[in-house]
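Peer 1: got a structure for you, letters missing:
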Ligand SMILES: [Zn+2]
């Protein structure tokens, strides 16, 4: 590979890096919007539950609303689970992970939590990355 080829390669790598970063930010914004949407839906459900409870309170003949309330609560569970998944997606985008014990954010390859000191389980994704790097090194050597 001659000098100019190297420069061209370097420039395209830099460009690729910038494009990837922009893509990541766009994705993160989109996920954050989805989280806010779910939060709005959860608030609506809270209001709905409160209204149902109050309406039953003022009713002369009380109805059994337990099942109805339970259904609304299950909807909140689903939305909250989705928010949890979205948060994980954002962490992955930023190459970060959360402490299993105290939920502190840290670099994906951290072995211990910087907040509580808990040992972090080995990250499967990180291991996969390391395997790729080893494979790359092998390929490079074979070229020479
Ligand atoms: Zn921790």
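Peer 2: Yep, that arrived. From a predicted model like this one, the values you see are computed outputs, not experimental measurements.

Peer 1: packing partners for the longest helix along the chain?
Peer 2: Longest helix of the chain, by residue count under DSSP state H: helix 3-58. With contacts taken as 3 or more Cβ pairs under 8 Å, 6 or more residues apart in numbering; DSSP states H and E, helix 3-58 sits against helix 66-93. C-beta here means a position set from N, CA and C on the backbone, and glycine is covered the same way.

Peer 1: so what are the domain limits for the protein?
Peer 2: Taking automatic domain parsing as the reference, the chain has its domains at 1-94, 100-144.

Peer 1: test my guess that residue 86 contacts residue 34.
Peer 2: Yes. Using Cβ atoms under 8 Å, residue 86 is in contact with residue 34, at 5.7 Å.

Peer 1: those two: which has the busier surroundings?
Peer 2: residue 86 (19 against 15; other Cβ atoms under 10 Å).

Peer 1: give the buried residues for stretch 76-93.
Peer 2: 76, 79, 83, 86-87, 90 (16 or more other Cβ atoms under 10 Å).

Peer 1: thanks again, I'm all set now.
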